[in-house]
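Visitor: With the input below, show me the fold.
(5 chains, ligands or ions: 4)
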Amino acid sequence: MTTAVPTAPAPAAPPAGRLRRHRPVLLLLAPGALALLLTYALPLVWVVRMALNRPLDGGAILQTVTLSTFTDVLASSHYWNVIGQTLQLGVLTTVFTLLLSYPVALFLARTTSRWRSLLFALAVAPLLISSVARTFGWMAILGNQGVVNKTLLAIGVIDDPLRLANNMTGVVIASTEIYMPFAILAMLAGFGRLDPELERAAASLGAGRFAVLRRVVLPLTAPGVLTASLLVFVLSLSGYVTPRLIGGGRVFVLATEIYDEAMNSLNWPVAAVLSVLLLLLFGLVVAVHLWAQRVLEARFTGRGRSTS
Amino acid sequence: MRSGPVARIGWAVLLTVLYLFLLAPVIIVFIESFDTSTYLRFPPQGFSLEPYRQVFANPDFQAGLKVSAVTAATTTLLALLCGVPAALALTRLRFRGRGAVEAAFLSPLLVPNIVLGLALLILFAPIPLTDTYWGLILAHLGVTIPYVVRTVTAALAGADPRAEEAAATLGAGPFTVFRRVTLPAIRPGLFSGGIIAFLLSFDETVISLFVSGHTVRPLPVAVLQYVEYRSDPSIAALSVCLVLLSVVAVVLVERGLGLRRSLRP
Amino acid sequence: MADQPAAPARAGYLRLAGLTKVFPGEGGPQGAAVAGIDLEVAHGELLAVLGPSGCGKSTTLRMIAGLIEPSAGTVEVGGRDITRLPVHRRDMGVVFQSYALFPHLDVFRNVAFGLEMRKTAKSEVRTRVARALDLVRLGHLGDRRVSQLSGGQQQRVALARALVIEPAVLLLDEPLSNLDAQLRGAMRDEIRRIHDETGITTVFVTHDQREALSMADRVAVMNAGRVEQLGTPEEVYERPSGRFTAEFVGRANLLPGTVTATHGAGGGAGAEVAIPGLGTVRATGDAVTPEGRATVMLRPHRITLRAAGKADAGPRGTVLSAGYSGEVIGYRVRAAHDGPELEVEHPAGAGTAFGPGAEVLIGWDDAAPRLVADDGDPA
Amino acid sequence: MADQPAAPARAGYLRLAGLTKVFPGEGGPQGAAVAGIDLEVAHGELLAVLGPSGCGKSTTLRMIAGLIEPSAGTVEVGGRDITRLPVHRRDMGVVFQSYALFPHLDVFRNVAFGLEMRKTAKSEVRTRVARALDLVRLGHLGDRRVSQLSGGQQQRVALARALVIEPAVLLLDEPLSNLDAQLRGAMRDEIRRIHDETGITTVFVTHDQREALSMADRVAVMNAGRVEQLGTPEEVYERPSGRFTAEFVGRANLLPGTVTATHGAGGGAGAEVAIPGLGTVRATGDAVTPEGRATVMLRPHRITLRAAGKADAGPRGTVLSAGYSGEVIGYRVRAAHDGPELEVEHPAGAGTAFGPGAEVLIGWDDAAPRLVADDGDPA
Amino acid sequence: ASPDTADGNGDTTTITFMGFYGTFQDAFTEQVIKPFEDANPGIKVTYVPIQNSSEVLAKLRASTSRPAADVALMDSSVAPTANEEGLFARLDPELVPNLDRLVDEAASKDGFGPGLTLDSLSILYNTERVDTPPTSWNDLWDEEYRGRLAMPIADTRGVALIIALSQILGTDYQQDIDPAIDRLKELAPAVETWQPAPDVYTAVQSGEADIAVGWNARGQYYQDTSGGVVAPVLPEEGTVTQINTINLVNNSPRAEAAQKFIDYAISAEAQQAFDEAAYYAPVNKDTELAPEVRDRTTASAEQQARQIPVDWSWLTTRYTAWVDRIKQEVIGG
Ligand SMILES: Nc1ncnc2c1ncn2[C@@H]1O[C@H](COP(=O)(O)OP(=O)(O)OP(=O)(O)O)[C@@H](O)[C@H]1O
Ligand SMILES: Nc1ncnc2c1ncn2[C@@H]1O[C@H](COP(=O)(O)OP(=O)(O)OP(=O)(O)O)[C@@H](O)[C@H]1O
Ligand SMILES: [Mg+2]
Ligand SMILES: [Mg+2]
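Guide: Ligands and ions are numbered 1, 2, ... in the order given. Have a look, this model is predicted:
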């Protein structure tokens, strides 16, 4: 097979060649990258920069580089209270959302009903409905004069209205509903391993309904639940509309504080510091999540576990 | 597999309750939207279409609707222009750091809107881009691009790259392949991604709160500010209109790529 | 169902009576997915259910396992009606086509699952799982993750998992269909060996003729929800009751002709059939229509071709195409000028080969022609 | 068949020289996916590339088509180096395993696509597409949606789409693997027919021995990125160059022994090999190690078994297991008491069958034993 | 974004006015802007609604070179900051003759924007659900109202309440507000909501809360629209006046037209029209309110007698700190 090759033998791609090969990649990525740089990366840098300034009285800003705004915020028991309430809201909302979403997701993952599409749409469509509109609905449901209290008072179950709104309870209830579609979607996406055949296999081996749930369904759906929990936690940490409208002024979370500091007190440095704190909290949550995911994944693939 | 009647009924009841909970605010808002009283009360005091008339007569809402529609349409267009090429690169080209680039494109989803809103305010205020259409559009662009990238990536993953290769072997150059084979194949995904981007932008509240003002005030901000002062049935009527808009979107998305694939988190 | 010398005289251990399944919303052109199956499987027997895709094999198996509720009919094991018993209370080992191993458990825990459900003591679980794993020759892989196993190994884990509970009946749903050819042969022998060692009554579903014939004691050929024929592998292959079985179990030339004479009766019955292009053929069997027509089945490998000299007598034909495949050469031959097209298989290597266009003399093994009822339902 | 009068003496039309592909991040235990392939395909020839999964068949084909950039080596067509030519400027028809039809276009537009890219006149497109569809016998389905076609029909549309541009080379990647057995046989004949009608140089990839042997003019047997053997179907099957080919192309008993005598040379070479349990076997071929050892290949269907009378001479054996499959009975036989285990295939139906434990006399076709180089790489 | 039509066609000047959103906008447009435009055909007024004074401040800060408005309303607790930062300009008394006719509270000491409206903090209650109407600030602590209070005090209302409480407790708010804060802390457990949604007036009307603190003017307005369900009470100890100032934005290219508009807004005629619709007390000495209206505003003789004096320019420097203390010690505590 002696063929005179007319073209030069291809050497290891020279730099020019590499650029040529990568040009389509760069061209395709450029518009999106530019947009994200402008609308996302740059603003975040600006926030961090702002957090290093000092606020002056009446909302003026001293351009400087200092951590004193951070230390001031962290020295204030109020902000610790805010962080505590933010976490409390996040944890409660996440727990309830998961509890209520799991059966729905499980149902949707398994049903073969011909209404399946409709039921799926009903479960996740609220996602696409303005959260202001939904929160407004909850105001009408949970208030002292709301649907729940009016009904219970009318049928004589209670004498005084239940305090369902204007406090953490109300915010958690409404947030739970608002984040359920997210959780359901995330769970469904993560339920890929939930092959109904596995449940049948377990039953054929003598597992009753509960044993199937505990020994097969729960472990298999754990990754989906984990993803959902991250999503909901992260979303609820930064929720603004619901705490504002249903919190009755006594639910202080980072989001409402950031807004107040930025828009009412005009204290941008403090708002920026709170934002950076929220971002750090996020980073922490995501890191924990990734770790948990790896642990869980190792259980399925055996990676990270020395097999003898 | 068979299960006892008790378990089956219990399961059905549980699901019904959960669905009711999930849909409760929408149902209540719908009921209240026909009330005749001047503030929200339950049960409703009467039935009238007056709240709907008020919604359409309210100049704030009219202006907000226009702002939201223009912003959402422009944002959608730009998000598609930015997101589709990126999705193409991410699914069809092999390059080093692909995973990192993809993560970067999806990462705005992990930044709280409230932080992004403040960040944009700080960046835009001195330029000044606050209270302008372009400021609003840019602000929305950051949060819609990831969704477009994701739906289009899903659509591309579902479209057979072999068909593109086949077209190439039949003599189609890269651009022709995209126009004649890739584009038709991902049209449903493009459509769904566009609808979702539109709706996200149309419903965006928190970021808009920071970067909008009274000249350019989108509908959700107008609604939120209205709700801070008043709670009459017209706001319920407006909510019903927003819900209907979402329902239309859901139907369209389902017709396209399918809800499930479009919304996958 | 012909005569069954192989089937033991013992009464059926697993009995299906009128087992029927109509899926809700179904009942279209085909009607029921399973349309009234009566079947008895003897204790310790290995029965293969063979049929094309969609004929209702899995549905039948799942009704036996309790995974699908029958629309009508009963399932009995050892004389006890278990039709209404929930799955987890039936004592059946099921091997699923997809294996359905638990991905979150390692091999040992997969196999142990059924014993744990039975609250077997820890130490006993250990010994019995070890024994089951040894039986499927995976004793050394107990702590592997399922995802780290090859297809064949997963298949064997599934088998061990079903066997370890020592079920009354073992049910296998196309257990080999996901394996490649090499592995398939090995697993076939393996399953037969394990069956012979454990003696568990086994029903196994397949659409692969070869699998069914080589492994089973008896074969039930299914079509469109019904059992077409039930018999030993040889019965089913050599003496198919109808056109469907003839064509589905192996390849067949089915040649319609006119009966010129019949003789004998029962198992010894036979007829002479005039077939255009082939002359008169003596065939066994009694499937003759009242109008005196019959269909003769000739398997391709039972037909011989010889180079035709000018003077040779006997049916002639022209080779249309020839395909070499190592073991055999497959020919398509047109009998006479306008006679039927025949499929013929010759052992390759030895003897002459013919190219397209060659004139050949067509002959066949005397015992080969067989009358087949033409049920007008080609596979 | 026989020895290939079809393979023309013309120089290679399609030439691969040192074609190599190392995927980035690869280079682990196996090294390159394709490790330096040299191959010439004559004008109008149909070459099959046969090999197990993952051996690099598709990668080779895709490098020819220009869909993968080779790490080294060249591709030439008609003397022109096209190694760096982009896909859409090469003149190759490719049929993908998954067909890769354009789902948004109807059958006609699918087939017309390539012509449109070439800016062929409308009227000519019409006639050529019609002709191509007729060639694959789909003339009547031009306005069907692709999704309304069966697998076999889709396959034919893919073929028509590749053929209509009258490519210099036609490349097929496992075109039949998605079809069921019945259809596969028909499509095999169809592709061969079309090839004979059009005379287009064709390379086609498969892992199915039967497909390769029955369709191709020549077969390239690939293993782990290399071509193990290149030859006519008969050469590859009857005279495998090594253990891999012997075992991958058909089933084989490979029996190591000691050479007691050799004779002849080249094509007529042969040797006598003493094999424990079988005695001395005369085999063709020259694959003898310097130490005087050799491996004899005996195909299972070339071995005969006879019932062993007490006084009969010759190698004996004991049947270990017997598997009926309609056409043949597969036996496993232990030669002598401690000799090798043999796979044997007998035509079923005619003659006697042996049960496990039966004592048999082992014989074989004289022409059957063949020396095979033992490259120590079992399939 | 700022309309710049001044030089468009010489005869029409359009000035931009930043005012509060909601019912204030409705009344002000109807009663002040329209008559002004009728009287001055060469000037058009664009109303830009804003939520609160902070927003005005933020907007003006962001647009110092090309101001986003010509005239802006601002709470007297915030205005001194804007004045100091040079966001507002001093008025020309020649162009604003009505400056001489202002009541004392409304008059500007340093030449910046004068008060436009006078309002005061009051107690609101639901007449259908409350048996014994409150009359004193101390009534808020009444056991009867426990759990029925709406106290939106994380803003100027809280600041005003502290001043009123200090007065009652006999302490000087410029010295020590701890006693007032402590008193509010006692109230905290009885509060149903600190931030009623949509707002206190609606909350009292709907029965979400029965007792609330709110501004008198809006309370009066709601009394009318709710058919008497909402009733404001000006407590017997007196109350604190809240002033919205009307200001000329610095660097406005339309300063002359703008001051003409300011002059009209504080004229007796405009004040009368506006206050009779919105129940603010007039800033112009010459305003003659209908007696039934005057009795419902802080301008009533009775209220005038009980005014608690406030030094808003001093308070500006403490405002944020006080609100923070309310948030952190009263609400968050
Ligand atoms: N859950 C179901 N709902 C409706 N129809 C079904 C269901 N399961 C099976 N069928 C239908 O019943 C018939 C028999 O199905 P079954 O799965 O038993 O076939 P099979 O013989 O196992 O085929 P295969 O070899 O393809 O597995 C088919 O027509 C199938 O479409
Ligand atoms: N894009 C790729 N990146 C990395 N490795 C690859 C890639 N494509 C193929 N390989 C590897 O190269 C080897 C050869 O793959 P190839 O697809 O050519 O095999 P094949 O012979 O066609 O197998 P099959 O019969 O399964 O299609 C395999 O080990 C495969 O894992
Ligand atoms: Mg099946
Ligand atoms: Mg391949």
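
Visitor: C-terminal to the helix or strand hosting A:Leu36, what's the next element?
Guide: Per DSSP states H and E: A:Leu36 is located in helix A:15-36. Following helix A:15-36 in sequence order, the next helix or strand is helix A:42-51 (DSSP H and E).

Visitor: Can you name the residue of the stretch 101-250 of chain E nearest chain C?
Guide: The nearest approach of the stretch 101-250 of chain E to chain C comes at E:Ala197, 46.5 Å away (CB to the nearest CB). For glycine as for every other residue, the C-beta is placed from the backbone atoms N, C-alpha and C.

Visitor: wouldn't that residue be in contact with B:Ser231 here?
Guide: Yes - counting by CB atoms under 8 Å, B:Ser231 is a contact partner of E:Ala197 at 7.3 Å.

Visitor: Helices of the stretch 101-250 of chain E, start to end?
Guide: E:156-169, E:178-187, E:200-206, E:216-225 (DSSP state H, counting those that start in this stretch).

Visitor: can I get those in a markdown table with distance to chain A and mean pLDDT?
Guide: Converted to a markdown table, the helices of the stretch 101-250 of chain E look like this (distance: least, CB to the nearest CB, whole Å; pLDDT from 0 to 100):
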| stretch | distance to chain A | mean pLDDT |
| --- | --- | --- |
| helix E:156-169 | 11 | 92 |
| helix E:178-187 | 13 | 93 |
| helix E:200-206 | 5 | 88 |
| helix E:216-225 | 16 | 91 |
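
Visitor: right, so those helices: which one is the most enclosed?
Guide: With neighbours taken as mean count of other CB atoms under 10 Å in any protein chain shown, these reach their highest mean count in helix E:200-206, at a mean of 27.

Visitor: how about stretch E:302-316, does it get close to chain A?
Guide: Yes - Stretch E:302-316 lies within reach of chain A by CB under 8 Å from any CB of the partner chain, at E:Thr316.

Visitor: tell me the mean pLDDT for that stretch?
Guide: The average pLDDT within stretch E:302-316 is 83.

Visitor: End to end on it, go ahead and measure it.
Guide: End-to-end distance for stretch E:302-316, by CA to CA, to the nearest Å: 28 Å.

Visitor: how about that stretch: buried residues?
Guide: E:303, E:306, E:308, E:310, E:312-313, E:315-316 (16 or more other CB atoms under 10 Å in any protein chain shown).

Visitor: quick one: which of those residues is nearest to C:Ile329?
Guide: Closest to C:Ile329 out of the buried residues of stretch E:302-316 is E:Thr316 (105.6 Å), distances taken as CB to CB.

Visitor: Contacts only, for the closest one.
Guide: A:58, E:77-81 (CB atoms under 8 Å, 6 or more residues apart in numbering or on different chains).

Visitor: Now rank the residues you listed by neighbours and give me the top one.
Guide: Within those, neighbour counts (other CB atoms under 10 Å in any protein chain shown) peak at E:Ala79, which reaches 29 neighbours.

Visitor: doesn't E:Leu73 make contact with that residue?
Guide: No - using CB under 8 Å, E:Ala79 makes no contact with E:Leu73, being 9.3 Å away.

Visitor: Overlap of the contact sets of those two?
Guide: With CB under 8 Å, 6+ apart, E:Ala79 and E:Leu73 have common neighbours E:53, E:245, E:247.

Visitor: can you list the weak-confidence ranges in the chain?
Guide: Since you didn't name a chain, this refers to chain A. For chain A, the stretches with pLDDT under 70 are A:1-22, A:57-59, A:301-308.

Visitor: not quite, I wanted chain C
Guide: For chain C, the ranges with pLDDT under 70 are C:1-11, C:25-30, C:182, C:349-352, C:376-379.

Visitor: circling back to that earlier point, among the shared contacts of E:Ala79 and E:Leu73, who's most crowded?
Guide: That'd be E:Asn247 among the shared contacts of E:Ala79 and E:Leu73, by other CB under 10 Å, with 30 neighbours.

Visitor: what's the pLDDT at the nearest residue to that one once chain neighbours are set aside?
Guide: Of all residues not flanking E:Asn247 in the chain, E:Gly113 sits nearest, at 3.2 Å (CB to CB, 6 or more residues apart in numbering or on different chains). At E:Gly113, the model reports a pLDDT of 92.

Visitor: What backbone torsions are found at E:Gly113?
Guide: phi -60, psi 140 (degrees, to the nearest 10).

Visitor: Test my guess that it contacts E:Ala79.
Guide: Yes - counting by CB under 8 Å, E:Gly113 does reach E:Ala79; the two are 6.6 Å apart.

Visitor: Going by contacts, tell me the helices and strands next to the longest helix anywhere in chain B.
Guide: Assignment by DSSP state H gives helix B:59-92 as the longest helix of chain B. Where contact means 3 or more CB pairs under 8 Å, 6 or more residues apart in numbering or on different chains; DSSP states H and E, helix B:59-92 is packed against helix A:15-36, helix B:98-106, helix B:133-158, helix B:183-203, helix B:219-227.

Visitor: Would you mind giving the orientation angle of that helix with respect to helix B:183-203?
Guide: 140 degrees (axes from the mean of the first three to the mean of the last three CA atoms, to 10 degrees).

Visitor: Let me know the secondary structure of C:Leu172.
Guide: strand (DSSP: H, G, I helix; E, B strand; the rest coil).

Visitor: tell me the secondary structure for the closest residue to it other than its chain neighbours?
Guide: Closest residue to C:Leu172 apart from its sequence neighbours, by CB to CB, 6+ apart: C:Phe204 at 3.9 Å. Per three-state DSSP, the local secondary structure of C:Phe204 is strand.

Visitor: Could you confirm whether the longest helix of chain B reaches ligand 2?
Guide: No - with CB under 6 Å from any ligand atom as the criterion, ligand 2 is not reached by helix B:59-92; the gap is at least 12.8 Å.

Visitor: in that helix, what counts as buried?
Guide: Neighbour-count burial for helix B:59-92 [16+ other CB under 10 Å]: B:60-61, B:63-65, B:67-68, B:71-76, B:78-80, B:82-92.

Visitor: Name whatever forms a beta bridge with C:Leu171.
Guide: With DSSP bridges as the criterion, C:Leu171 is bridged to C:Val94, C:Val203.

Visitor: Please report the distance of it from chain B.
Guide: Per CB to the nearest CB, to the nearest Å, C:Leu171 is found 15 Å from chain B.

Visitor: Pull the number of nearby residues for the residue nearest to B:Ala163 when sequence neighbours are not counted.
Guide: Nearest in space to B:Ala163, with sequence neighbours left out and distances taken as CB to CB, 6+ apart, is D:Ala100 at 4.6 Å. Neighbourhood size, D:Ala100 [other CB under 10 Å]: 24.

Visitor: Which phi and psi values does D:Ala100 adopt?
Guide: phi 50, psi 40.

Visitor: residue contacts, it?
Guide: B:160, B:162-163, B:165-166, D:158.

Visitor: Now secondary structure, neighbour count and distance to D:Ala274 too, for those residues, in JSON lines please.
Guide: What follows is the contacts of D:Ala100, written out as JSON lines (DSSP: H, G, I helix; E, B strand; the rest coil; neighbours: other CB atoms under 10 Å in any protein chain shown; distance: CB to CB, whole Å):
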{"residue": "B:Asp160", "secondary structure": "coil", "neighbour count": "17", "distance to D:Ala274": "57"}
{"residue": "B:Arg162", "secondary structure": "helix", "neighbour count": "17", "distance to D:Ala274": "54"}
{"residue": "B:Ala163", "secondary structure": "helix", "neighbour count": "24", "distance to D:Ala274": "59"}
{"residue": "B:Glu165", "secondary structure": "helix", "neighbour count": "21", "distance to D:Ala274": "55"}
{"residue": "B:Ala166", "secondary structure": "helix", "neighbour count": "31", "distance to D:Ala274": "57"}
{"residue": "D:Ala158", "secondary structure": "helix", "neighbour count": "26", "distance to D:Ala274": "54"}
